[in-house]
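1. Provided below are the primary sequence and the corresponding predicted coordinates.
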Amino acid sequence: MTRYSLRLALAATAFFGRPGIAQNVEYTSPAGVRYYAQRDTGAVARAESLLALAPGDVGRIIELGIAQSGVRQYREAIATYTRGLAIEPNNPLLYRYRGHRYISVREFDSAIADLTRGNRLDTTNYDIWYHLGVVQFVRGQFGSAADAFAHAQRLAPNDNELAGSTDWLWMALRRAGRAADAQAALAPISDSMRITSATAYFQRLKLYRGLIGPEQVFTAADTADIAVATLAYGVGNWYLVNGDTARARDWFQRSIASGGWPAFGFIASEVELRRLR
């Protein structure tokens, strides 16, 4: 076992295999690591109680799916959204949410199908364009992903989403071999943006803009598993598009070692490591 494999196994045991925790397995990685749902702290139970009062209320069905996703019960959320689609088969929000969660459990074909259907039903939905871009990116369809993220960038409802869509647009364009377009895509980004929840993406954008180097992307506050996975993937991809596959591989491995398995950066890192074999 390599040092990296040992570290990953120990992390998986420490964070996902604690005695007494009997949560469902949501995803098993190609390396055989099992990742589990978290315990409900009350949000899922409350959403279930409200839905029981109005079982046909699609709004409450969506709220339950969101609550389940909040504790990484992604397969349960998929079943919940499927329940909603039996009631409203042409509701684009249900395809948006279920498509997102299919990405979480690495069922990319199902995610593409849902998000494409949702996009046909509503071409103005930012989240559908964004998540469609993510799944196209991880499947290596970089040109299509760039198109999806360009739509998302134009529809971004706030600075947080503008940062996220621009980050992915830059990456997709670079991977599609369109370096000049990638640089132009950074035009809406400035240091005066009001960033409250997309701090990892904003840090990555500073790297793309040449304001910081790769060694400065991480800050002392970046310890949460999702943040580490997200930042590490961004640095790895930056090295990759700049021709340094050895450092890219190291950073992709760091993303996975974070344990932040729902993060898009973690998901993309898994795919990149398979491509780099």
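-> All right, it came through fine. Residues are numbered from 1 along each chain as shown.

2. just for this structure, where's the confidence low?
-> The chain contains residues with pLDDT under 70 at 1-22.

3. which stretches of it form strands?
-> 25-28, 34-36 (DSSP state E).

4. point out the most buried one among those strands.
-> Among those, strand 34-36 has the highest mean neighbour count (mean count of other CB atoms under 10 Å), at a mean of 18. Where C-beta positions appear, they are placed from N, C-alpha and C, glycine not excepted.

5. parallel or antiparallel, list what pairs with that strand.
-> When pairing is defined by DSSP bridges, strand 34-36 lines up against strand 25-28 (antiparallel).

6. what sits against the residue nearest to Ala232 when sequence neighbours are not counted?
-> Once flanking residues are discounted, Ala232 sits nearest to Ser255: 3.8 Å by CB to CB, 6 or more residues apart in numbering. By CB atoms under 8 Å, 6 or more residues apart in numbering, the contact list for Ser255 reads 228-230, 232-233, 236, 263, 265-266, 269.

7. repeat that for Asp57.
-> If you count contacts by CB under 8 Å, 6+ apart, Asp57 has them with Leu51.

8. same check on Asn91?
-> 58, 84-85, 121.

9. show me what counts as buried in stretch 33-50.
-> Across stretch 33-50, burial judged by 16 or more other CB atoms under 10 Å covers 33, 35-37, 40, 44, 47-48.

10. report the distance from it to the chain centre.
-> On the basis of CA atoms, centre = their mean, to the nearest Å, stretch 33-50 sits 19 Å off its chain's mean C-alpha point.

11. ditto for stretch 23-32
-> Chain-centre distance of stretch 23-32: 17 Å, with CA atoms, centre = their mean.

12. other residues contacting it?
-> The contact list for stretch 23-32 (CB under 8 Å, 6+ apart) reads 5, 8, 34-39, 72-76, 104-106, 261, 270, 274.

13. over to it now: how far is its first residue from its last?
-> One end of stretch 23-32 sits 17 Å from the other (CA to CA, to the nearest Å).

14. what of stretch 239-250?
-> Taking CA to CA as the measure, stretch 239-250 stretches 10 Å from start to finish.

15. in it, which residues are buried?
-> For stretch 239-250, burial by neighbour count (16+ other CB under 10 Å) applies to 239-241, 247-250.
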